[in-house]
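Visitor: Provided below are the primary sequence and the corresponding predicted coordinates.
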Amino acid sequence: MLMRRYWQPVALSEELTADKPLPVTLLGEELILFRCDGGKPALIGRYCAHQGVDMIYGRVEEDGLRCMYHGWLFDNCGEVIVRGGWVEAGEKRMAVGQPAYPCEDVDGVIVTYMGSESPPPLPDYELIGKPTKILRDENYLQGIFQADESSPEGAMFVLANLVTVPDPSSGAESRTRWRVPVDDNSHLEFVFRCVGQPSPTRGEPLEAAREILLKAVAAIADSAIHAGTAG
């Protein structure tokens, strides 16, 4: 729940072609990426809401992704597009429960917002060079805490899964490691150089990560308990 309150990287831009969907798993959800509306990335549930067919076999069209089993066409909001002379105004979009999340293509990385509320503004940063993506066979917290043992001077814990390390040769540049959980046992590590802070906050020293995360989890749990009591 904590990480769903922030934009998260989901894939490298170069991985997603214009004519083929890309399966991804993020925060325990199986999803499918595709490009429509002139190349804009879209992210919806991987399995068709009609018969549960894997949309990895879907056909990418200008308006969305078409399931090849019964021909349902899903737009970037996860809604089914129905067309025909019998449809009022010639077209109708039906929400059928397909999950969908907003996406943006930012300097070589596709980012998404998986929260239930309106997404916040995109982080204000400028990527330098080509970002990389690595699949790690460990929980993302293991990666953060292991980095703490050998992190250079000035490493900052910025978000629940993001660490920045300033470049000593340039006060404006930093190296960012963004660890996004796939599930409880693996995560994707996105590494890139950037100018500016990838967060509205300046962050805290990396060794404070454990304490900050525990406080954040406790606050979310307390909020959920109070919401349940009020209901």
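Guide: Great, that's in hand. Keep in mind that this is a model prediction, so the values were computed, not measured.
Visitor: hey, let's count contacts and neighbours off CA atoms from now on
Guide: Noted.
Visitor: domain assignment for the protein?
Guide: Split into domains by automatic domain parsing, the chain comes to 3-105, 123-221.
Visitor: Help me confirm that residue 4 is found in a helix?
Guide: Yes. According to DSSP: H, G, I helix; E, B strand; the rest coil, residue 4 belongs to a helix.
Visitor: mind listing what it touches?
Guide: 113-115 (CA atoms under 8 Å, 6 or more residues apart in numbering).
Visitor: ok, now residue 81?
Guide: 72-75, 91-94.
Visitor: Bridge partners for it, pull those for me.
Guide: Beta-bridge pairing of residue 81 under DSSP bridges involves residue 73, residue 93.
Visitor: Please apply the same query to residue 195.
Guide: With DSSP bridges as the rule, residue 195 is bridged to residue 126, residue 173.
Visitor: Tell me, how many residues neighbour it?
Guide: If you count neighbours by other CA atoms under 10 Å, residue 195 ends up with 17.
Visitor: Surely it and residue 127 touch.
Guide: Yes. Judged on CA atoms under 8 Å, residue 195 makes contact with residue 127 at a distance of 6.5 Å.
Visitor: tell me which helix or strand of the chain sits lowest on mean pLDDT?
Guide: strand 204-205 (a mean of 61; mean pLDDT, DSSP states H and E).
Visitor: buried stuff in stretch 118-128?
Guide: 119, 122, 127 (16 or more other CA atoms under 10 Å).
Visitor: Same question for stretch 74-91.
Guide: 74-81.
Visitor: same check, this time on stretch 62-70
Guide: 64-68.
Visitor: and that stretch, how far from the chain's centre?
Guide: Mean-position distance between stretch 62-70 and its chain equals 23 Å (CA atoms, centre = their mean, to the nearest Å).
Visitor: Quick one: end-to-end length of that stretch, please.
Guide: 18 Å (CA to CA, to the nearest Å).
Visitor: can you list contacts of that stretch?
Guide: 34-38, 48, 53, 55, 57-60, 72-76.
Visitor: Buried members of the residues you listed into ChimeraX, please.
Guide: If you want just the buried ones from these in ChimeraX, going by 16+ other CA under 10 Å, the selection is:
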select :34,35,36,48,53,55,58,59,60,72,73,74,75,76
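Visitor: burial of the closest residue to residue 179 other than its chain neighbours, as a residue count?
Guide: Distances taken as CA to CA, 6 or more residues apart in numbering put residue 189 closest to residue 179, at 4.5 Å, once the chain neighbours are dropped. Per other CA under 10 Å, the neighbour tally for residue 189 reads 22.
Visitor: Please consider this matter closed, and thank you.
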